[in-house]
Every structure is written in C-alpha cells, then in structure tokens.
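Asker: everything below, folded, please.
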Amino acid sequence: MFSKLFKRKNSPTKSGSEGQSDLDKIDYVKVFEIELSNMEGAPLYPLQNQVIVGSEVGDILISDPSIAPRHATFTLQDDVVSLIDHGSTSGTFINGKKISTGKNVILEESDKINIGDLEVKLVVKKNAVKREEVPETPSNEAKDAREEATKLRVYTPKSLSTPPGEKEKKSKPKKINKKKAIVLSAPTHSTNAILRVFAVLSDLILSYSLIVILMPFDDFRGFLEFVPGEISSLLDIDWQQFRMALIDEYPILGEILGEATSQLAADFNFYGIIIVYFVLRFASTIILGVSVSEFFLGIRSTGNFIWARVGGPIRVVFGMLTWPFIVFDLTAILSRRTLKEFLTFTNIHTPSAFSSILGILFYIPVIFCLAVIAPLIQGFEPPVTVSISDKIDQRVKSKVLKDNAEVTDAPFEPKVDVSEFLKFQISYNPSELLILPTMNFRGVKEKLNLNTSLTFYQRDLQRPIEVEVFKTFDFKQLLGIGIKGNYLLFEKYPKIHHFVYESNEAKSVFKKHLDAKSQMSFATEVIKFTKTAFSLNAENALEVIETETPFIKGYIDYKNSFLSLIEYKDFYEISFLKIGNAIFMKISYNKQKPFDLIIPLVMGEGRIFKVNFDKKDNIKAVSTKFYKYNLDDSNWIDSAKNVQSESMTTLKVFDLLSAPKLKTVLQSPDSAQSLYAYIFELSAELVKRGDSIELELWKSDLSNLSKLLEVIPKGNVSEGQESSVDKLRQNLNDVMDAIENSNLDYFGASDTVSA
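Answerer: Down below sits the predicted model:
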C-alpha cells in the first residue's frame, strides 16, 4: 500500500494533444494616454499616432492664454513617444527645462511635462488581450483611416467628465495650485489689437497709393463720385443735413470734425481714401477671408471656409459702421474676439507669431515705399521731365540789338503811368515806346466777348507787342498744393510757407512788411520749388527724397496743377527773368505767331500775362528790347504809388475799359468826356507824327470802341436831351473821319498832312 502511495510516477505512455492553459493564450499590449493633470477630472486622451495640443488648431483645444494657437504635438511611433514645440510664446517644459522649438524630444513615463500652464502626464498601460485578438500591423490606408476615425473632438464643458468613447475613471485630486481649472471649449482667441492697428494703417496707406496711381483715369474718378451717391440714396440719408444736425446738437464735436476733415481734405483725398479702403477690405475678404494687409501680416480666418468668405465681408461692413465706437473693439487688446466677430460668427487669429513679425518687418516698409513712389507712376505713366534753368536773366546795362545795329542807353524824360487793374506802374521813354489801349471782340453774335489789352509799339524796331491779362489765379492755393501737409518742406521754403499759411487777420500787417528783399527771397524759393517739381522723374527721385522730402506727391501735384493752369502744353521753354523790380517766370511758345506767358513771382494775387508778338522774325531782339529796356523801370510790387493826374492816361483808359461795369461807367458824362479828351489828344499827336503803323493800330482800336458804344444803352436821360453815350459816339466818329483824312485843322493845326 505504501509502495503505491509513494510510488514514483512515470511519464505518460499515451501520446496526444492536451488543451493549452488560458495564461498561455494572453498577450500584453502597451496603451499610451495623455493625462491633463491640473484640469478638473484629469481627463485622459488616447495617443495612437499623433495628438496636437493648441488653443485654436489641433486635436485637443485648450482655451487658455498660455496655450499658443498650435502649441505642441505628441507623436507615438514604435512604442516611443516624442514631443515637439511649434514655437509657442510660453514654451514647453520637460522636468522644468524648456525644450527647443522644432526639436523632437523622447519622453519617459516619469517625465513631468508642462505645456504653458497645462500640466501633462504620459500614462502607459499594459492591456491583456487574447493572442488571436491582437491586430495585425495595418496597411498604410487602414492606418490613415484609423487615425482619421480616432481623432479627438472638441468637447464642451459638459462633456469634460466623461468624453464619448472613454471609460469611467476615478476622479483624482485636483492639482490646480489655487488657480481656476483650464476649460476645454471652442476657440475664443483672436488677433491682438496691435496687429489689427498695423493692418488698418497698412490698408489705408495702400488705399492712398491706389488713389494716387488711378486718379488720372476718368472711370476711377467717376467711381469715387458714384459710390457715396448710391450709398446716400440707398440709406435715404441727407449727409449734409445730418452733419448740420450734428453740429447744432454738439457744437464742439462739429467744430473738431469740421476742422479735421477740412485739413485732411486739403492735404489728402480723404473721402476717396475711405471709399477705396472699404472696397479693398471688402473685396480682399471675399477672396482671402481677411483683408490683403491682414493676410500679409500673418492673420488668418478660422472656421468653415465658405462662411469665412461670406461672414468676413459682413464683418467688414459691421466694422465700418461701428468704427466710431472704439469701445466695441477693446476686447482685441486681450486677444479676444471683437463685437463684429461675435455678431458675424467669425474669428480671425494669428497662427504664427513669426510670420506676423516678418510681415511687420517686410510688408509695412514695402507699403510705405509704394506710397512714396506712387506719384511717379500716376496713371501708369512716368512724369515727363521739363528742363528749367534757375538762372535769372537780367538787363545788362550796355547795348541791345536793333536789326543788327547797336543801341546804347540815352537820357530821356520819363512818362509815368499806373494801372490798378494790372497792379503795376511803368516809367518809359515816350520817344521809343507808344502804349495804346486795345479792344478786341472775340466770338460770334450773342457769344461775342470784349477783350482788352495793351499794345506796346516799339518805334525804333517798328514792331507792336500786345499784352493782355490771360488769367488770374490763387497763387497761395497753387503753392499750397505742393507744400501743404508736407512739414519737412517748411524749413526749406520758409517764405512760401509763411505766404501759404498767412491768416486773413495778419494779411494787412503782413503787407506792411513787404519789401523788395522779401519778394526776392520769395521768388527765389518759388524758382527752386518749380525747378524741382518739373525735373522730378524716376531717375532723380531718390536724390530728391534724400535731400528734400520723402513725400514727393506735393511736387507732382504742383506741376500738374500748374500745367492745367497755363492750358498750353507744347511750350518751348520755361525760364526766369527780371522785369523792373520783380522776378517773372516766362513760358515761351515758338508758334508762327509766337507768344510768352509771364507770371510775376510776387506775394499776392496770381496773374498770368500773355505777350503776343506779330511774327517770328528777329524775335530775340524784339523780346529783349521789350522785357529788359521798355519795362526796365516798372513797379510790380508796390503799385499803390498812384500817379496823381487829372487827365486821362493810357493805363487809366485801359482800367476803365476793363471795368466789370463798363456800360454803367460810360453812361456817366464825366467818364465819357474824359475818355473823349484822351482820344482827341492822342489822335492829334499820332496824326502829327504821321507814322502809318501807329495810325493803323490806333484806327483799329477806335473802330472797336465804336462797335462797343453801339451796344451800350443810353441810360436815364430826359426827353429831348442827348445821352453821354450818343455824344461820345458822335465825337468818336468825327475823330475817326479826321484821322482818315489826315485833317490837322480838326486837331488845331494849320497844315494838312497827306496819308
């Protein structure tokens, strides 16, 4: 029996298969999870391939200022977990040490990880699974499908405790360090206010550049006029009435806005810039989801692609309507969504601070450069250079040519005359120069216009020169176009600056201090300014920018306004010369009948005189004699020194014929009698001299005066009495008959001179 109990067991003799133990059928698979330790409930998220953590972009979205839009990425490969930081501001730390941007760092299970203020722990588990349930290594397509299917979703605060698809987990003690737990929610971060301001300024500068380049086109100017009119009709708002109501209700605000807009309108096309700015942002937002400057400054739109292009333009409209109320955008200071974003369900953000820094460093300087060079490509055409010499041509006290002969200065008894209409006084040699008031009719029938001028007949050269007032203009406004708004030119052109900005109150005081020296300094500055403006082109623009000012638009605008003022474009040359006590700009035209436009460069009302020559022959000698000798003793600065004379003079007659109320003046018996006395005396002098050219010029003037008297009403006269106009007309006809017949007896002489 004991032998049976303690008998040694032998190996079984039967062969066959026995069932395997359950332990032999079990394998262990590593499962990696990411635990957000200092969040409420310490949620776990599976790590199967890659998990991105960020505030706006990623698989796990954390709404916290310390979390960058795309902060860091966990990657699992061959049971090895690595972590990479994407250039976040607050950084990513492993065991208290900040890791380098863009560098993968392999993690251990015991590592303490901080993503901004978020504490993260890597959890590694071994799950037991039956061997036959262990999945085979998936193919690439299956792997991509699984990654897509297992991507984490953004959970609202209600789903924080148990996100869908996760097992219940016992709550752990909070590790919040007395701070509020981080909440997982939809993105609320938005672009910071500073970057928004840069974008707005860049869009305004770009709009200004487009205005400058496209303004010469008629279609573009029509567009700028069409838009505000359509908006007003669409909204049924009378902007003028609205502005007046605002001024009445808030006088101080109205005064501030009025002064600001008037100043801006003088320096810039303010309303045009606002229109182009709005259209530019609206159109670019449809295409890019943000404005063109926002795009280049690294700002992007989030959310649905289609709604970003639909809601974005609506956001722009809200922004234009609410821009006076800056308080609605103050949330952007804290990088939060603004009211207009909230109302349109849109959001703009800055994915990368690095791209925004690059935009500020490169895009904004490019925009400024475009604004600087925009005037040079105005109308997509480079400016045409006009060569101007700044040399002032003055009289040489020696000789002047007279048909290839030399004439020297000789003493003479001067004749002095002054014109209030022309604002100049002249002292000349009557033996060399004859001045006649001239009347010409231009146009036909009802559109017939009277044009008065002065004919200067050079007796030694036997050449007439006709001078008329071509145009008057606001000299202050013309120079203001070039210098206003450009504060860098104030020190370079102090006389121009003082003239442009002089107040009406100081005008009388200012005039008292005018002298020849001040006028000369003013003229010198105008010459320099004009030469710079007319010679400016793409080749010398950099030199002007360095020596004068980077804002060259004023020069271009001044040049274009000046050319529009003189009307004639095909001039021969522009030069400067001294006539009497003033400096003149002379624009010469080499036509069949040549003429000059001369402009006195004096502080006051702008005047352009047209000097017409009879023919091109010997034009240099004729013009030199006229400008440098005949007008050598003329006063263009202080013409208030009127010559006290009871008798009618040539320039007084010219003033009378140039008066706006000429018809009323000639109805006066005194004026009519004074005019007749002048005609009689000058006719007698010319008939006695017997110069055929002088007589022909004078007879033409009298004939035109006779035509004028025919259309002047008689005025209020008693029945049976002769009006002063009829009497003057009859006397004029008698004088004309006497001149035609060379009747010296009529003029009180004893002999009759034949024609």
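Asker: CA atoms for contacts and neighbours, from now on please.
Answerer: Fine.
Asker: report the distance from the one helix or strand Glu681 maps to to the chain centre.
Answerer: Taking DSSP states H and E as the definition, one finds Glu681 inside helix 669-689. Computed by Cα atoms, centre = their mean, to the nearest Å, the separation of helix 669-689 from the middle of its chain amounts to 58 Å.
Asker: what mean pLDDT does it get?
Answerer: Along helix 669-689, the predicted local confidence has a mean pLDDT of 90.
Asker: and the helices in the stretch 251-400 of the chain?
Answerer: Along the stretch 251-400 of the chain, the stretches classed as helices by DSSP state H, counting those that start in this stretch are 251-267, 270-288, 292-296, 305-322, 339-344, 353-358, 364-373.
Asker: got phi/psi on Thr191?
Answerer: As for Thr191, its main-chain torsions (degrees, to the nearest 10) stand at phi -60, psi 140.
Asker: next up, the contacts around the residue lying closest to it once chain neighbours are set aside.
Answerer: Once flanking residues are discounted, Thr191 sits nearest to His349: 4.6 Å by Cα to Cα, 6 or more residues apart in numbering. The contact partners of His349, by Cα atoms under 8 Å, 6 or more residues apart in numbering, come to 189-191, 299-302.
Asker: buried deepest among the helices of the stretch 251-400 of the chain, which one?
Answerer: Stretch with highest mean neighbour count among those: helix 292-296 (a mean of 23; mean count of other Cα atoms under 10 Å).
Asker: related to what we said a few turns ago, closest one of the contacts of His349 to Asn731?
Answerer: Comparing the contacts of His349 against Asn731 with Cα to Cα places Ile299 closest, at 87.4 Å.
Asker: you'd agree the closest one is up against Phe354?
Answerer: No - under the contact definition of Cα atoms under 8 Å, Ile299 does not touch Phe354, with a separation of 11.4 Å.
Asker: related to what we said a few turns ago, so which of the helices of the stretch 251-400 of the chain comes closest to Val80?
Answerer: Smallest distance to Val80 across the helices of the stretch 251-400 of the chain (Cα to Cα): 30.1 Å, for helix 353-358.
Asker: what pLDDT, on average, does that closest one get?
Answerer: Averaging the model's pLDDT scores along helix 353-358 yields 90.
Asker: need the residues that contact it.
Answerer: Under the criterion Cα under 8 Å, 6+ apart, residues 195, 296-299, 350 lie in contact with helix 353-358.
Asker: just the buried ones from those, in PyMOL syntax?
Answerer: Remark: buried members of those, expressed as a PyMOL selection using 16 or more other Cα atoms under 10 Å:
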select buried, resi 195+296+297+298+299+350
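Asker: now the contacts of helix 353-358 as CSV including distance to Gln477 and pLDDT?
Answerer: Compiled in CSV, the contacts of helix 353-358 are given as follows (distance: Cα to Cα, whole Å; pLDDT from 0 to 100):
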residue, distance to Gln477, pLDDT
Leu195, 39, 94
Phe296, 39, 94
Leu297, 40, 94
Gly298, 43, 92
Ile299, 43, 93
Thr350, 47, 89
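Asker: among the contacts of helix 353-358, which one lies nearest to Ser90?
Answerer: Each of the contacts of helix 353-358 was checked against Ser90 using Cα to Cα; the closest is Thr350, at 15.3 Å.
Asker: excluding chain neighbours, what is closest to that closest one?
Answerer: Closest residue in space to Thr350, ignoring its immediate chain neighbours: Ile299 at 4.8 Å, by Cα to Cα, 6+ apart.
Asker: can you pull the contacts of the one you found?
Answerer: 191, 290, 348-351, 356 are the contacts of Ile299 under Cα under 8 Å, 6+ apart.
Asker: relative to helix 669-689, how tilted is the one helix or strand Lys707 maps to?
Answerer: Of the helices and strands defined by DSSP H and E, Lys707 is found in helix 692-711. Here the directions of helix 692-711 and helix 669-689 differ by 160 degrees (axes from the mean of the first three to the mean of the last three Cα atoms, to 10 degrees).
Asker: in stretch 521-528, what counts as buried?
Answerer: Across stretch 521-528, burial judged by 16+ other Cα under 10 Å covers 521-527.
Asker: scratch that, stretch 98-113 is what I was asking about
Answerer: Under the neighbour-count criterion of 16+ other Cα under 10 Å, stretch 98-113 has 99, 104-105, 107, 112-113 buried.
Asker: in the stretch 401-550 of the chain, where is pLDDT below threshold?
Answerer: When residues are selected by pLDDT under 70, those of the stretch 401-550 of the chain lie in 401-412, 443-448, 503-514.
Asker: where do the strands sit along it?
Answerer: Assignment of strands within the stretch 401-550 of the chain using DSSP state E, counting those that start in this stretch yields the ranges 405-408, 415-419, 424-428, 433-442, 449-458, 463-473.
Asker: hang on, Ile739 in a strand?
Answerer: No - secondary structure assignment places Ile739 outside any strand; it is helix (DSSP: H, G, I helix; E, B strand; the rest coil).
Asker: so who does it touch?
Answerer: Ile739 makes contact with 683, 687, 695, 699, according to Cα under 8 Å, 6+ apart.
Asker: top of those residues by neighbour count?
Answerer: Neighbour counts for the contacts of Ile739 were taken using other Cα atoms under 10 Å; the highest belongs to Val687, which has 24 neighbours.
Asker: distance of that residue relative to Leu744?
Answerer: Remark: distance between Val687 and Leu744 (Cα to Cα, to the nearest Å) = 7 Å.
Asker: and Leu454, how many neighbours?
Answerer: Taking other Cα under 10 Å as the criterion, the count of residues near Leu454 is 19.
Asker: and what of Asp734?
Answerer: When neighbours are defined as other Cα under 10 Å, Asp734 has 14 of them.
Asker: tell me which element it falls in.
Answerer: Element membership of Asp734 [criterion: DSSP H and E] is helix 724-740.
Asker: repeat that for Phe242.
Answerer: Secondary structure here is read from DSSP H and E; on that basis Phe242 sits in helix 239-249.
Asker: can you name every helix or strand that that helix contacts?
Answerer: With contacts taken as 3 or more Cα pairs under 8 Å, 6 or more residues apart in numbering; DSSP states H and E, helix 239-249 sits against helix 251-267.
Asker: give me the residues contacting the longest strand that the chain contains.
Answerer: Secondary structure of the chain per DSSP state E: the longest strand is strand 118-130. The set of residues that contact strand 118-130 without belonging to it, under Cα under 8 Å, 6+ apart, is 25-39, 108-114, 182.
Asker: so of these, which ones are in strands?
Answerer: Among the contacts of strand 118-130, the residues falling in strands (DSSP E) are 26-36, 113-114.
Asker: from these, list just the buried residues.
Answerer: Buried members of those, scored by 16+ other Cα under 10 Å, are 26, 32-36, 113-114.
Asker: where exactly do the strands run in the stretch 51-200 of the chain?
Answerer: For the stretch 51-200 of the chain, the strands identified by DSSP E, counting those that start in this stretch occupy 60-61, 72-77, 80-85, 92-94, 97-98, 105-106, 113-115, 118-130, in order along the chain.
Asker: how about these, which one is nearest Phe362?
Answerer: Distance to Phe362, taken as Cα to Cα, is lowest for strand 80-85 among the strands of the stretch 51-200 of the chain, at 25.9 Å.
Asker: what's the helix holding Glu681 packed up against?
Answerer: Under the contact rule (3+ Cα pairs under 8 Å, 6+ apart), helix 669-689 is packed against helix 692-711, helix 724-740.
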